[in-house]
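>>> Below is the sequence, then the predicted model.
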2 protein chains.
Amino acid sequence: MDKVPGKPESTDGAMPSLRDVIAARPHVYRHLRPTPLYRYSGLSELLGANVWVKHENHQPIGAFKVRGGLNLVAQLSDKERASGLFTASTGNHGQSIAYAARAHGVSATIAVPEGANPGKVAAMRGLGAEVAFHGRDFDSAREWVMGVALARGGRFVGPTEDLLIHGVGTYALEIVEDLPEVDAIIVPVGAGSGACATCIVAKTIDPRIQVIGAQSAQAPAMQMSWASGKAVSADMNTVAEGLATRVPFENTQRIMRKYLDDFVLVEDAAIEDAILLLLEHTHNLAEGAGAAALAAAIKLKHRLAGKNVVLVMSGGNLSVDQLRRLLGRSGSSARAR
Amino acid sequence: MDKVPGKPESTDGAMPSLRDVIAARPHVYRHLRPTPLYRYSGLSELLGANVWVKHENHQPIGAFKVRGGLNLVAQLSDKERASGLFTASTGNHGQSIAYAARAHGVSATIAVPEGANPGKVAAMRGLGAEVAFHGRDFDSAREWVMGVALARGGRFVGPTEDLLIHGVGTYALEIVEDLPEVDAIIVPVGAGSGACATCIVAKTIDPRIQVIGAQSAQAPAMQMSWASGKAVSADMNTVAEGLATRVPFENTQRIMRKYLDDFVLVEDAAIEDAILLLLEHTHNLAEGAGAAALAAAIKLKHRLAGKNVVLVMSGGNLSVDQLRRLLGRSGSSARAR
């Protein structure tokens, strides 16, 4: 299994805990407010359940990951602050580190693969990060920037570090605080930090709260690894870059194996239908990952009937071109019903 | 001038004050959290200024008006609570009253004109309101429901009542609290409650804060009345229903005459371009009114250069059909640049 380098993830099998999430809150809420959890009558009718959406798309970078970045950067040593941060990303993780670095006056270098989404690159640069293009995919960019960090004595930030999971868990705690009667939380899985954080919080508070992961069937590595109990790499062709994991991450796999109740795959076409349904019923723009929870809920409709269901809208960074293409498909929004 | 009936608007010329807005806060924050004020680097580059967006589209009904509804309904007498609320609306005002009525366990009857936006009607019904279709336009629906309210001894709610303005002002106070160095706030004008509330708050705190109204050139009645100092009705053909005022409202006109620094008209086509620019740079969906402030800022670009500018994104309730039509226009988003 691909052990992703960086700072302490798992130390002797210790796992992130609810206490770690509570400890992250001051670092997160120094810069962010809690996001809304809204019930939508249209989605509730559609699913025959009480359906709530957790609006992580309302974050300043348009995605939940900023919570993790803020927690990590707040706890850097003076030496790490001085040396600056180095990470690799094709999207929201890079924006998270760039945002947190700026908030704390620390420099950030983000490696992105050649051909990375220009909108996300512009956003990282707009936040003051140095963006370097290298290699043809995420792994190549990551290996290169690790070398740069080593050469410069900088702090490399891995994508599933415990401090990121602790910060991300603050959204899960908000869900349970706002809706103590929640029955099920459906959360998209890319590298798995959101799903792990949600499991840790919800299962510690009440093991009866169901936590269900959702990933694209066109990028099933994390789901297959979870289901089989061993690391499985898989083809990765999803249009939802937030779900685009080809090689599973050990740190998040072991947490999901312990806590996650179920993990479903949804077709990219169902995710695209869900983007349109969310636009119609919530007037919020979701990126593919942000709509995957609704696609999974539609697939699990029978099982969720009558329950209090929370869909995590993890992010909203869909490009206008992607949206135009989706809206141009005829009759697509009818298909999901 | 059309004196809109309902409960106390202006009593002996007294105007809503900052103190009224502060007093409204407990009623508003019992049910809502403050909305984000985010700076966007892409919009800042576009305008050559520091540009912030106040995200009233993040409200549970997708629009700022819910603040006013909650303040009004919280202060009903027992008799009014028992008799229920009656109002007319084609959109967000009706959703606001429906939301607040449900939150306080009060019944609400909303009159809408025949052919009203089905999505907004469904939203009102989803919030538990009784929706009655009557007449071919807003004024006809309003007169009819006033008769019903009178016959049943119910409480009619006018669209610009002082208690609504007090509640709405809480967003303006959030702006100044989050960004004390604000130079200019641009706010869309429909009936004018948002612009009035913003004026009262900003000008009381510091008269040097510029408050600028924006309305569609295809519905210029409020702007023409403000500019000429007398009530002027005008043709109304805008696609932005949140700006669609045909007959000016006296209560909001007198406040705007006293406080508003400027009031600009923007073409519907410029508003539609602004919707696309907001999608691209903020990944938020704005309805026409919600994008009017950006359209006005583009028109005033020279004057705003280098300043700290807040654009009020008043609402996001654009239908998927409207969005599909906008995205189908070729090269439209390039036009605004």
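Structure received.

>>> Please count neighbours and contacts with C-alpha atoms only from this point.
Will do.

>>> and the nearest residue to A:G213 once chain neighbours are set aside, what does it touch?
With sequence-adjacent residues excluded and distances taken as C-alpha to C-alpha, 6 or more residues apart in numbering or on different chains, A:G213 is closest to A:F263, at 4.4 Å. Neighbouring residues of A:F263 by C-alpha atoms under 8 Å, 6 or more residues apart in numbering or on different chains: A:I212, A:G213, A:A214, A:Q215, A:Q223, A:W226, A:A227.

>>> Also A:R142?
When contacts are taken as C-alpha under 8 Å, 6+ apart, A:R142 is in contact with A:T87, A:A88, A:S89, A:A111.

>>> Next one, pLDDT for A:A116 please.
A:A116 carries a pLDDT value of 85.

>>> what does A:A240 give?
At A:A240, pLDDT is 87.

>>> roughly how far apart are the residue lying closest to it once chain neighbours are set aside and chain B?
Distance criterion C-alpha to C-alpha, 6+ apart; nearest residue to A:A240, sequence neighbours excluded, is A:G288 at 4.5 Å. From A:G288 across to chain B, the span is 13 Å (C-alpha to the nearest C-alpha, to the nearest Å).

>>> Repeat that for A:H104.
In terms of C-alpha to the nearest C-alpha, A:H104 sits 17 Å off from chain B.

>>> Just want the most central residue of chain A.
A:G194 (5.0 Å; C-alpha atoms, centre = their mean).

>>> Report the contact partners of the single nearest residue of the stretch 51-200 of chain A relative to chain B.
Closest residue of the stretch 51-200 of chain A to chain B, C-alpha to the nearest C-alpha: A:G126 (5.4 Å). A:G126 sits next to B:S41, B:G42 when contact means C-alpha under 8 Å, 6+ apart.

>>> Which helix runs longest in chain A?
helix A:162-178 (DSSP state H).

>>> May I have the strands that pair with whatever helix or strand comes next after that helix, each with its orientation?
Downstream of helix A:162-178, the first helix or strand assigned by DSSP states H and E is strand A:184-188. Strand pairing for strand A:184-188, determined by DSSP bridges: strand A:210-216 (parallel), strand A:308-313 (parallel).

>>> Which among those is found nearest to A:K54?
Among those, the nearest to A:K54 by C-alpha to C-alpha is strand A:308-313 (4.9 Å).

>>> Check the average confidence over that closest one, would you?
98.

>>> Summarise which helices and strands the helix or strand following that strand is packed against.
Going down the chain from strand A:308-313, the next helix or strand is helix A:320-328, by DSSP H and E. Where contact means 3 or more C-alpha pairs under 8 Å, 6 or more residues apart in numbering or on different chains; DSSP states H and E, helix A:320-328 is packed against helix A:268-282, helix B:268-282, helix B:320-328.

>>> and of these, who's closest to A:R33?
helix B:268-282 (17.8 Å).

>>> contact partners of that closest one?
With C-alpha under 8 Å, 6+ apart as the criterion, helix B:268-282 contacts A:319-320, B:40, B:42-43, B:216-218, B:238-240, B:284-289, B:291-292, B:294-295, B:326-327, B:332-333, B:335-336.

>>> Could you rerun that using 7 Å?
Defining contact as C-alpha atoms under 7 Å, 6 or more residues apart in numbering or on different chains, one finds that helix B:268-282 is touched by A:319-320, B:42-43, B:216-218, B:238-239, B:284-286, B:288, B:291-292, B:294-295, B:332-333, B:336.

>>> Would you map the strands across chain A?
Secondary structure of chain A (DSSP state E): strands located at A:37-39, A:50-55, A:85-88, A:108-112, A:130-133, A:155-156, A:184-188, A:210-216, A:262-266, A:308-313.

>>> export the third one as PDB, just CAs?
Listed next in PDB are the C-alpha coordinates belonging to strand A:85-88 (Å, rounded to 0.1, in the frame of the first residue of the first chain):
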ATOM      1  CA  LEU A  85       5.100  24.800   3.000                       C
ATOM      2  CA  PHE A  86       5.400  22.500   0.000                       C
ATOM      3  CA  THR A  87       2.600  20.300  -1.300                       C
ATOM      4  CA  ALA A  88       1.100  18.900  -4.400                       C
END
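
>>> What distance do you get for A:T35 to chain B?
Taken as C-alpha to the nearest C-alpha, the span from A:T35 to chain B is 9 Å.

>>> is it true that that residue touches A:V53?
No. At 10.3 Å, A:T35 does not count as touching A:V53 under the criterion of C-alpha atoms under 7 Å.

>>> neighbour count winner among the two?
Neighbours were tallied for A:T35 and for A:V53 using other C-alpha atoms under 10 Å in any protein chain shown; the higher tally belongs to A:V53 (24 against 21).

>>> quick one: contacts for that one?
By C-alpha under 7 Å, 6+ apart, the residues touching A:V53 are A:L37, A:Y38, A:R39, A:V310, A:L311, A:V312, A:M313.

>>> In contact with the closest residue to it other than its chain neighbours: list those residues for me.
Excluding its sequence neighbours, the residue lying closest to A:V53 (C-alpha to C-alpha, 6+ apart) is A:L311, at 4.9 Å. By C-alpha under 7 Å, 6+ apart, the contact set of A:L311 is A:W52, A:V53, A:K54, A:I185, A:I186, A:V187, A:A293, A:L294.

>>> Pick the one among these closest to A:R208.
A:I185 (11.2 Å).
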